[in-house]
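In: fold the stuff below for me.
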Amino acid sequence: MFKKTQDLSVVAPSSGDTTESVIGPSVHLEGNFNSSGNIVIGGSLTGSLTTSGDVRVLEGARVQATVSATHIYVAGEVRGDVRALELLELSPTARLLGNVETKILSVAPQAILHGKCVMKNGKGEKLETGNLKLETGKKTESRIGRSESAAE
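Out: Numbers count the residues shown, from 1 in each chain. Have a look, this model is predicted:
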């Protein structure tokens, strides 16, 4: 009865600038792209994308690329490593298959994130977790995810 449409004009850029580039739903681009503006992807992109602005991957969009931007909003599918200098936001329809590096991560229920996640502090430096040690009965384990009984 009601049809949901995507409004490409509803993009909230971080710097107050307008969207510089829109890759429409019927467009497929391949290559390495560099920009200083905000980018909206509704179609597909293969390669790499770097911008000092924001990137918005709309629902139904497919990106197979390394992506680097200030803020990255994902509602579609991204296959590749993602680096958001400030914020990475995954909506309920998002599928991100790749490693993530960001300062702030927001993951909605039902979003899919499969990869390694590295959080940065306010200075853009990686936070060190140190060497975690677990006491498992008689042994001290320096790995997480290994289950052993205390009776060994």
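In: now for the protein, the helix or strand with the poorest mean pLDDT.
Out: strand 139-141 (a mean of 46; mean pLDDT, DSSP states H and E).
In: let me see the mean pLDDT of stretch 20-30.
Out: If you average the pLDDT over stretch 20-30, you get 91.
In: hang on, I meant stretch 39-57
Out: 96.
In: list the buried ones in it?
Out: 39-45, 49-51, 53-57 (16 or more other Cβ atoms under 10 Å). (C-beta placed from N, C-alpha, C; glycine too.)
In: what about the residues you listed, which are in helices?
Out: Using DSSP state H, the subset of those located in helices is empty.
In: which of those sits closest to residue 29?
Out: When the buried residues of stretch 39-57 are compared for distance to residue 29 (Cβ to Cβ), residue 45 wins out at 5.1 Å.
In: test my guess that the closest one contacts residue 66.
Out: No - Residue 45 is beyond contact range of residue 66, at 10.8 Å (criterion: Cβ atoms under 8 Å).
In: how much space between residue 38 and residue 51?
Out: Here residue 38 is placed at a distance of 7 Å from residue 51 (Cβ to Cβ, to the nearest Å).
In: sorry, wrong one. I was asking about residue 78.
Out: The separation that residue 78 has from residue 51, given Cβ to Cβ, amounts to 15 Å.
In: list the contacts of the lengthiest strand in the chain.
Out: Of all the segments of type strand in the chain, defined by DSSP state E, the longest one is strand 62-74. Strand 62-74 is contacted from outside by 14-15, 39, 41, 43-57, 76-91, 94, 96, 98, 102, 111, using Cβ atoms under 8 Å, 6 or more residues apart in numbering.
In: for the helix or strand that that strand is followed by, buried residues please.
Out: Downstream of strand 62-74, the first helix or strand assigned by DSSP states H and E is strand 77-79. Neighbour counts using 16+ other Cβ under 10 Å place 77-78 of strand 77-79 among the buried residues.
In: sheet partners, orientation included, of the strand or helix carrying residue 84?
Out: Assessed by DSSP H and E, residue 84 sits inside strand 82-90. Taking DSSP bridges as the criterion, strand 82-90 forms sheet pairs with strand 62-74 (parallel), strand 100-107 (parallel).
In: parallel or antiparallel, list what pairs with the next helix or strand after that strand.
Out: Per DSSP H and E, the first helix or strand lying C-terminal to strand 82-90 is strand 95-97. Using DSSP bridges, the strands paired with strand 95-97 in its sheet are strand 77-79 (parallel), strand 112-114 (parallel).
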